[in-house]
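Q: next one to model:
(one chain, ligands or ions: 1)
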Amino acid sequence: MVMSTGIGIGAAQAAGSTLHEAADESNRYFGTAIAASRMNDQQYMNIANTEFDMISAENEMKLDALEPQQGQFNFSTADQMVDWAISNGKQVRGHTLAWHSQQPGWMQNMEGQQLRNAMLNHVTRVAEHFEGKIHSWDVVNEAFADGSSGARRDSNLQRTGNDWIEAAFYAAREADPNARLCYNDYNTDDWNHAKTQAVYNMVADFKSRGVPIDCVGFQAHFNSGNPVPSNYHETLQNFADLGVDVQITELDIEGSGTSQAEQFRGVTQACMAVTRCAGITVWGVRDTDSWRAQGTPLLFDGNGNKKQAYNYVLDQLNSGDGNAYEGDNGAGNPGDPGDPGDPGDGSCTVTVSSGESWGDRFNTTFEVSGADDWVVTINTGSGQSLQNSWNADVSGTSGTLTATPNGNGNAFGITLYSNGNTSTPTASCSSSDGDTPAADDCTVSVTKTDEWGDRFNTTFEVADADDWTVTINLGSGQSLQNSWNADVSGSTGTLTATPNGNGDSFGITLYSNGNTSAPTATCTTA
Ligand code: XIL
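A: Residues are numbered from 1 along each chain as shown. The predicted structure follows:
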């Protein structure tokens, strides 16, 4: 019996000839921002249509564009853009519901409760308007200060109270329960940066309290004064480990030639090394379309030609490195690796966390691992009844509830009326094909650890068997330098590891040869 890890199986992969086809090889999207003013430029629309499968409106879904007068919404331009995207088979990132910048004049002059209400009304009305059409919303944009303080950015929204961000997320979830809800910011790329830490702490807090957040957007505007940090992969992984998807949302890198291309490749590689990195969006089509046009920061030149950076990104996407996390492309394409309902899933576990509580209700969140085709059985306490749920189909109202995937990944939540009983429900998980773990199943978890100039370590932990064989798929260029606590054969491509009497945890050192993405692995037993 073969079990895969959450990291995905290194299946044989065909090369994609466009950015989105190549990204799709690892179950990711590749997007661009487009501007309404350029939508009758044939060359521009051709590139946008051919290369990308995720669309952001560069300015047309911001607060000033959608609600120019209080209570009077103007959706026509944004609708045209969204309709163009959807009718061409693309998905849409909504940008952005709440932000201190690009507010309409009437909002800029508002403060306090009046502003809080106006902001929440904007979030609700806009998210409702686009309901069902948005892959991910940037619910809140740029709410943290630059520099070393780690503080919130001062703004009229922040001055309405520190809970303005979570209030926006709750309103967005209610208005469009199927969109992924992201916090989006810049200068959050370097793990050691105070702003990065501050956003991380907020997301950790939100997850622990059940505030509905699904993803973190990294704008990724880079230039020589703010280069791609060497720990970028670590940053993305640390956020992903909180149980959110990460997305690169506004990528541009000023420069030219090989140095620019290498940095674009590095960002692509960092995303591909993180299973929960769902995709990359570049902030414009051609250099001349960029908000920073002088920095020539995009993948196509002003004449619409592919730049070296384009080729490096395409090659990296085609490298066959790590597959994306199950379901993080939304419902996914049938047959995408790891999408709900795919064969190959086995046992599963569910983690239950208590969330927010109010007078008569409280939230509980559930995170499933080990399968995508799960059924979670929830045992509620006496008196409790279901008020609401998100990111799963939940049947039943009291006693035993049953939750199954609805295309929104493996984390979901419920709101229960407590009726005086606020105890957290318990839950168990089974795979819907009825498979229970047999004695000869095994799983292997893969962790990338130390990294030096030319080498890095990866450790493997096998569960549920002692007579295992772990097959390790190296990235292109990588080769084995060293191993410990297992017999490892092979040196490039596919390695095979078996026990050498030192237990079920072992490790390898790989020469990266420029490719520092973690290998993937599968486990089988006799
Ligand atoms: C920029 C647009 O590209 C410009 O056209 C506009 O004048 C200003 O905003 N962070 C964001 C984006 O979240 O919305 C910004 O877009 C770039 C920085």
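Q: give me the secondary structure label for the nearest residue to residue 179 once chain neighbours are set aside.
A: Excluding the flanking residues, the one nearest residue 179 by C-beta to C-beta, 6 or more residues apart in numbering is residue 134, at 4.3 Å. In short, each C-beta sits where N, CA and C put it, glycine included. At residue 134 the chain is in coil, as set by DSSP: H, G, I helix; E, B strand; the rest coil.
Q: burial measure for residue 134, as a count.
A: Residues near residue 134, counting by other C-beta atoms under 10 Å, number 24.
Q: quick one: contacts for it?
A: 92-94, 127, 176, 179 (C-beta atoms under 8 Å, 6 or more residues apart in numbering).
Q: wait, doesn't residue 518 sit right on residue 449?
A: No - between residue 518 and residue 449 there is no contact, the gap being 9.5 Å when judged by C-beta atoms under 8 Å.
Q: neighbour-wise, which of these two wins?
A: residue 518 (24 against 11).
Q: need the overlap of contacts for residue 518 and residue 449.
A: Common neighbours of residue 518 and residue 449, using C-beta under 8 Å, 6+ apart, are residue 458.
Q: from the ligand, how far out is the residue nearest to residue 425 when sequence neighbours are not counted?
A: Distances taken as C-beta to C-beta, 6+ apart place residue 380 nearest to residue 425, at 4.7 Å, with adjacent residues excluded. For residue 380, the distance to the ligand (C-beta to the nearest ligand atom, to the nearest Å) stands at 41 Å.
Q: so residue 254 is in contact with residue 296, correct?
A: Yes - using C-beta under 8 Å, residue 254 makes contact with residue 296 at a distance of 6.9 Å.
Q: surely residue 522 is within a strand?
A: Yes - looking at residue 522 with three-state DSSP, it is inside a strand.
Q: quick check: pLDDT value at it.
A: Looking at residue 522, its pLDDT reads 84.
Q: now it, which residues is it bridged with?
A: residue 4, residue 471 (DSSP bridges).
Q: verify the contact between it and residue 471 for me.
A: Yes - look at residue 522 against residue 471 with C-beta under 8 Å: they come within range, at 5.1 Å.
Q: of these two, who's got more company?
A: Taking neighbours as other C-beta under 10 Å, residue 522 and residue 471 compare with residue 522 leading, 21 against 18.
Q: wait, residue 93 sits on residue 56?
A: Yes - using C-beta under 8 Å, residue 93 makes contact with residue 56 at a distance of 4.5 Å.
Q: residues near residue 69, how many?
A: 10.
Q: helix or strand for the closest residue to it other than its chain neighbours, just tell me which one.
A: Counting by C-beta to C-beta, 6+ apart, residue 69 lies nearest to residue 106, which is 6.7 Å off, once chain neighbours are set aside. Using DSSP states H and E, residue 106 maps to helix 105-108.
Q: any idea of the pLDDT on the residue of the chain found nearest the ligand?
A: In the chain, the residue that lies nearest the ligand is residue 291 (3.4 Å; C-beta to the nearest ligand atom). Residue 291 is assigned a predicted lDDT (pLDDT) of 97.
Q: what residues are up against it?
A: Applying C-beta under 8 Å, 6+ apart, the residues contacting residue 291 are 58, 283-284.
Q: what's the distance between it and residue 282?
A: 12 Å (C-beta to C-beta, to the nearest Å).
Q: and what of residue 211?
A: Taking C-beta to C-beta, one finds residue 211 at 29 Å from residue 282.
Q: so for the two, which sits in the more crowded spot?
A: residue 282 (30 against 22).
Q: so the closest residue to the more buried one other than its chain neighbours is in which element?
A: Of all residues not flanking residue 282 in the chain, residue 251 sits nearest, at 4.8 Å (C-beta to C-beta, 6+ apart). Per DSSP H and E: residue 251 is located in strand 245-253.
Q: name the member of the contacts of residue 134 with the most neighbours.
A: Busiest of those [other C-beta under 10 Å] is residue 93, holding 30 neighbours.
Q: ok, now which ones touch that one?
A: With C-beta under 8 Å, 6+ apart, residue 93 has these contacts: 31, 54-56, 134-138, 247, 249, 281.
Q: residue 454: which of these is nearest?
A: Closest to residue 454 out of these is residue 247 (30.3 Å), distances taken as C-beta to C-beta.
Q: tally of neighbours for residue 401?
A: So residue 401, with other C-beta under 10 Å, has 23 neighbours.
Q: the host helix or strand of it: partners in the sheet, and parallel or antiparallel?
A: Using DSSP H and E, residue 401 falls within strand 400-405. Strand partners for strand 400-405, identified by DSSP bridges, are recorded as strand 374-379 (antiparallel), strand 392-395 (antiparallel).
Q: is it possible to get JSON lines of those strands that adds mean pLDDT and mean neighbour count?
A: Formatted as JSON lines, the strands paired with strand 400-405 follow (pLDDT from 0 to 100; neighbours: other C-beta atoms under 10 Å):
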{"stretch": "strand 374-379", "mean pLDDT": "89", "mean neighbour count": "19"}
{"stretch": "strand 392-395", "mean pLDDT": "90", "mean neighbour count": "17"}
